[in-house]
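Undergrad: Sharing a model that was predicted from the sequence below.
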Amino acid sequence: MKALHIPNGFQPAFEGAPDPGLVLLPRPSHLGVSPSAFPYVKPRLLVKEGDAVLLGSPLFEDKRRPELRFLSPGGGRVESLFFGPRRSLLGIAIRLDPKEERERFPVLDSQDLEAISREDLIRHLLVGGLWPLIRSLPFRAIADPKELPHTLYVRMDSHQPFSTLPEAYLRGNLEAFRFGMQVLKKLAPNLVVHTCGEKQGFVLNECQGLVNHTVFGCYPAQDAGVLHYHLRKKKPSGPAWFMAAEDVLLVAHLLETGTYPGDRTFALGGAGFKTPLHVRTRFGAPVRHLLQGGERKEGDFRPIAGGLFTGRNAGEEGFMSMYETGLGLVPEGREKEFFGFLRLGFKKNTASRTFLSALSPGPFPVSCNTHGEQRACINCGTCARLCPVEILPQFTMKALHADAMEEALAHGLLDCVECGLCAYACPSKIDLSRIFREARETLYLEQQKGA
Amino acid sequence: MQRRIRKFFDTHRPKFEKDGRFHAWHGLFEAFETIFFLPDSTTAKAPHIRDSLDLKRFMSIVILALLPVTLFGIYNTGYYANLAAGTSTDLFPAFLRGLLIFVPLLVVSYGVGFFWEALFAVRRGHGISEGFLVSGLLYPLILPPDLPLWQAAIGISFGVVIGKEIFGGTGRNILNPALTARAFVFFAYPGQMSGDAVWISGGATDAVSGATALAISSQAEAGTRIPALLDQAGLGFFELLVGRTPGCIGETSALLCLVGAILLILTGIASWRIMVGGVLGLLATGFLLNQLASGRLEAAMALPAHYHLVMGGFAFGIVFMATDPVTAPGTEAARWLYGFFIGGLTVLIRVFNPAYPEGTMLAILFMNLFAPLLDHFVIQARLRKRVPHV
């Protein structure tokens, strides 16, 4: 067991943290997939409206990498396709049949796993539609199956509000998790399975022999990119891959049962829910289904899938995508606060010490309001104090502003884990995250063109 | 009350919107409205939530930290004015007299400076930055009490336009605008900005000398001991620390600057590294000169280093001027060096350049120029340590 201390970061305490208790939700009437939630995937549709699909039939594939297939989370009929600007595919909705048919995939047990070659195993995952769960650093794109990674990082927990707790998703699934880890051992020569150092009790007791790193530190210390930055002593021989422990359970399900996984544990958090908790329901569940399950309050709330710092506005009509296990329901905050900047601020969420809330451990209310207007950077250095991978965001931002990409790369643009803390804390309200995200996207696409 | 103000802004808002008559002035409207109401804008993409700290709050904390020195400065200025005029030096009359001296300067500073800010903001079509809230208060605090208002107006115009706006406005300036303004007045109107006569409103009389500790120190002849001379003039270490001395309006009390510094450091608004670096640089240089004291400047060189902390504007400068984040370096190692050099240069200018008894202003402006270079070296050193990704 190796212990690692991450110096920077910020541990927010927001109202509405989900309780570890688990509630089983009834089967939803619809399921869906959001192709736009997959990084760098250009979908080519394989079905049309009205087609019958099985649980596990392919719905679309990636135009650039057709080996990446994305399967239907349920059996029934393709009811509607949603398109955004320039006919980008936003969502595929499937009405479930009362009795769903399942696509059959090969079944593997522990002995088969010993015998099978790495290439065959990867092919099983590709055909089974779960390969996209494994992503690679630094661009966080879906991993390239032809590469041999240097390290595969598996995170047991995330500090981001609001994410699933291991107590909720792992309880009762330990055997499957052990089997899943056996699968991962075949994929990468070097596995780093890490958990939170401060609250290690549950995971360390239950997963003895599986977890090999404890990480101490604030959000986003549990991110693979942060670990990769702090563990790396010299230029690594191959790419680094990462996935979440929740997703290891899905891989185990696919190989053990030969069917595409149907269930998933979601964390529901935020002030918009009466009782924030964990629910278990179908993979690809509609946001509305989860909102009902968590008993939402009346009001103007934004459903954020995948964490308040890094997630997306899923919309009430949207679906939870493959990577998203947390749904935050946070007030939009469209009100104008009277003399807001002169308040003592007992209940203000902040990473600074400029409100009296700095003296209290929280939790504090949070909303999507920007709490101020955008201004020029004043070089205060708040972002650099928080950055978990020791980039100087204010200087990197200016380098990108001047189109000096080489300089931005030297500053560590590729190390950026897109945690969002710099943009969260910036007193000038500069959207540093967006600037870095767009620069990294441009870089990745250029690199793909060259390859 | 709140509803009335809300209604006022809501009724007038359409005139400033996209097709309204006064759309060009929308920056001004928003600057005015956001004094009362935080904007209702929301985030578009990740991160979906934002910190409650904005620049208004940021700058308000600096103003809060400036309040003790401002109030004391008003009282102190009035006290000396009344003392020279031979009227009552009690707390209330002195404070009232001080207000009559300070408020016109403050009004000119904010009024003229805000005019330029608004002009550039409207012309460029952006909002009015909060940075000037602080610059506009700092500037009158570092002026002598009797500076003619038209000179103050020209000074702040220079500071805002040449010191800041031609570089692109707040956040893009190289030199501290308030200090640039003061430096302009200092070199353009030396008669009103230096000498022994200007530090007391109404002029020094036989009853009270306007000589500052810095002037006494720079005129001391070899062989004399400056602390003894200061004691004779009623400007002992304790008086200098508390600030019951003639000088610029807000700069005299090192003790209250320390109070402001503590607030700024506790809230994390200003860099403690710059302040501590500055004090260390000042003490180290002062101590070094003590060891080398000889020749014509023997008396000034032998002045115990801690006197430099409380004389003149050093305390005010290092706490409120040097820590301006825009013109200071952005990396922490560079902030140490920056502060250290300001402290060192302050002493060097004070001791070796008797034409300018006060070195703080020039030291800070000089180091403003070097801040990007210090950052550059620190960043290069940091980048060498980064391990390549793939």
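TA: Arrived safely.

Undergrad: Quick check: closest non-adjacent residue to the residue of chain A found nearest chain B.
TA: The nearest approach of chain A to chain B comes at A:Gly372, 2.5 Å away (Cβ to the nearest Cβ). (Glycine included, C-beta is placed from N, CA and C.) The shortest distance from A:Gly372 to any non-neighbouring residue, by Cβ to Cβ, 6 or more residues apart in numbering or on different chains, is to B:Asp54 (2.5 Å).

Undergrad: tell me which residues of the lowest-mean-pLDDT helix or strand in chain A are tucked away?
TA: Ranking every helix and strand in chain A by mean pLDDT, DSSP states H and E puts helix A:201-206 at the bottom, with a mean of 82. For helix A:201-206, the neighbour count (16 or more other Cβ atoms under 10 Å in any protein chain shown) marks A:202-204, A:206 as buried.

Undergrad: what's near enough to touch the closest residue to chain A within the stretch 151-300 of chain B?
TA: With Cβ to the nearest Cβ, the shortest gap between the stretch 151-300 of chain B and chain A falls at B:Gly171, namely 3.1 Å. B:Gly171 makes contacts with A:375-379, A:428, B:129, B:131, B:326, as judged by Cβ atoms under 8 Å, 6 or more residues apart in numbering or on different chains.

Undergrad: Now stretch A:213-233: buried residues?
TA: For stretch A:213-233, using 16+ other Cβ under 10 Å, the buried residues are A:213-215, A:217-232.

Undergrad: now check that stretch, is it near chain B?
TA: Yes. Judged by Cβ under 8 Å from any Cβ of the partner chain, stretch A:213-233 comes into contact with chain B through A:232-233.

Undergrad: mean confidence score for that stretch?
TA: For stretch A:213-233, mean pLDDT is 92.

Undergrad: Can you dump the C-alpha atoms of that stretch in PDB for me?
TA: The C-alpha coordinates for stretch A:213-233 follow below in PDB (Å, rounded to 0.1, in the frame of the first residue of the first chain):
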ATOM      1  CA  HIS A 213      -2.800   3.300  -3.200                       C
ATOM      2  CA  THR A 214      -4.300   5.600  -0.600                       C
ATOM      3  CA  VAL A 215      -4.500   9.200  -1.700                       C
ATOM      4  CA  PHE A 216      -4.800  12.000   0.900                       C
ATOM      5  CA  GLY A 217      -6.000  15.400  -0.300                       C
ATOM      6  CA  CYS A 218      -9.000  17.500  -1.400                       C
ATOM      7  CA  TYR A 219     -11.000  17.300  -4.600                       C
ATOM      8  CA  PRO A 220      -9.700  16.400  -7.300                       C
ATOM      9  CA  ALA A 221      -7.100  14.300  -5.600                       C
ATOM     10  CA  GLN A 222      -8.900  11.100  -6.700                       C
ATOM     11  CA  ASP A 223      -8.600  12.000 -10.300                       C
ATOM     12  CA  ALA A 224      -6.300   9.700 -12.400                       C
ATOM     13  CA  GLY A 225      -4.700  12.700 -14.000                       C
ATOM     14  CA  VAL A 226      -3.700  14.100 -10.700                       C
ATOM     15  CA  LEU A 227      -2.200  10.800  -9.600                       C
ATOM     16  CA  HIS A 228      -0.400  10.400 -12.900                       C
ATOM     17  CA  TYR A 229       1.100  13.800 -12.400                       C
ATOM     18  CA  HIS A 230       2.300  13.100  -8.900                       C
ATOM     19  CA  LEU A 231       3.400   9.500  -9.400                       C
ATOM     20  CA  ARG A 232       5.300  10.100 -12.700                       C
ATOM     21  CA  LYS A 233       9.000  10.500 -12.100                       C
END
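
Undergrad: What count of nearby residues applies to residue 181?
TA: Here I'm looking at chain A. The local packing of A:Met181 (other Cβ atoms under 10 Å in any protein chain shown) involves 20 other residues.

Undergrad: not what I meant, chain B
TA: What B:Ala181 shows, counting by other Cβ under 10 Å, is a neighbour count of 33.

Undergrad: which secondary structure element contains it?
TA: helix B:177-188 (DSSP states H and E).

Undergrad: just checking, next helix/strand downstream of that helix?
TA: Immediately after helix B:177-188, counting by DSSP H and E, sits helix B:190-193.

Undergrad: For the longest helix along chain B, give the mean pLDDT please.
TA: If you go by DSSP state H, chain B has its longest helix at helix B:91-124. Mean pLDDT, helix B:91-124: 94.

Undergrad: Which neighbouring elements make contact with it?
TA: Contacts defined by 3 or more Cβ pairs under 8 Å, 6 or more residues apart in numbering or on different chains; DSSP states H and E place helix B:91-124 against helix B:26-36, helix B:55-85, helix B:131-141, helix B:149-161.

Undergrad: for the ones you listed, which one sits closest to A:Asp19?
TA: Shortest separation from A:Asp19 across the helices and strands packed on helix B:91-124 is recorded for helix B:55-85, at 33.5 Å, computed as Cβ to Cβ.

Undergrad: Take the contacts of B:Gly171 and lay them out in JSON lines including secondary structure, pLDDT and distance to A:Glu167.
TA: Formatted as JSON lines, the contacts of B:Gly171 follow (DSSP: H, G, I helix; E, B strand; the rest coil; pLDDT from 0 to 100; distance: Cβ to Cβ, whole Å):
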{"residue": "A:Arg375", "secondary structure": "coil", "pLDDT": "91", "distance to A:Glu167": "43"}
{"residue": "A:Ala376", "secondary structure": "coil", "pLDDT": "92", "distance to A:Glu167": "45"}
{"residue": "A:Cys377", "secondary structure": "coil", "pLDDT": "94", "distance to A:Glu167": "42"}
{"residue": "A:Ile378", "secondary structure": "coil", "pLDDT": "94", "distance to A:Glu167": "43"}
{"residue": "A:Asn379", "secondary structure": "coil", "pLDDT": "93", "distance to A:Glu167": "43"}
{"residue": "A:Ser428", "secondary structure": "coil", "pLDDT": "95", "distance to A:Glu167": "39"}
{"residue": "B:Ser129", "secondary structure": "coil", "pLDDT": "85", "distance to A:Glu167": "48"}
{"residue": "B:Gly131", "secondary structure": "helix", "pLDDT": "87", "distance to A:Glu167": "48"}
{"residue": "B:Val326", "secondary structure": "coil", "pLDDT": "95", "distance to A:Glu167": "47"}
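
Undergrad: Identify those among the buried residues of stretch A:213-233 that sit within helices.
TA: A:224-231.

Undergrad: Kindly indicate which of those residues lies nearest B:Arg124.
TA: For these, the nearest to B:Arg124 is A:Gly225 (38.1 Å; Cβ to Cβ).

Undergrad: confidence score at the closest residue to the closest one other than its chain neighbours?
TA: Leaving out its chain neighbours, the residue that sits closest to A:Gly225 by Cβ to Cβ, 6+ apart is A:Val417, at 3.5 Å. Confidence at A:Val417, expressed as pLDDT, is 94.

Undergrad: can you pull the contacts of A:Val417?
TA: If you count contacts by Cβ under 8 Å, 6+ apart, then A:Val417 has A:220, A:223-226, A:229, A:388-389 around it.

Undergrad: Kindly report the same for A:Phe355.
TA: Applying Cβ under 8 Å, 6+ apart, the residues contacting A:Phe355 are A:343-346, A:348, B:52-53, B:57.

Undergrad: can you rerun that using 7 Å?
TA: Residues near A:Phe355 by Cβ atoms under 7 Å, 6 or more residues apart in numbering or on different chains: A:345, A:348, B:52.

Undergrad: Just put those residues in JSON lines and tack on secondary structure, neighbour count and distance to A:Leu90.
TA: Shown next, in JSON lines, are the contacts of A:Phe355 (DSSP: H, G, I helix; E, B strand; the rest coil; neighbours: other Cβ atoms under 10 Å in any protein chain shown; distance: Cβ to Cβ, whole Å):
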{"residue": "A:Gly345", "secondary structure": "coil", "neighbour count": "19", "distance to A:Leu90": "39"}
{"residue": "A:Lys348", "secondary structure": "coil", "neighbour count": "22", "distance to A:Leu90": "35"}
{"residue": "B:Ser52", "secondary structure": "coil", "neighbour count": "28", "distance to A:Leu90": "33"}
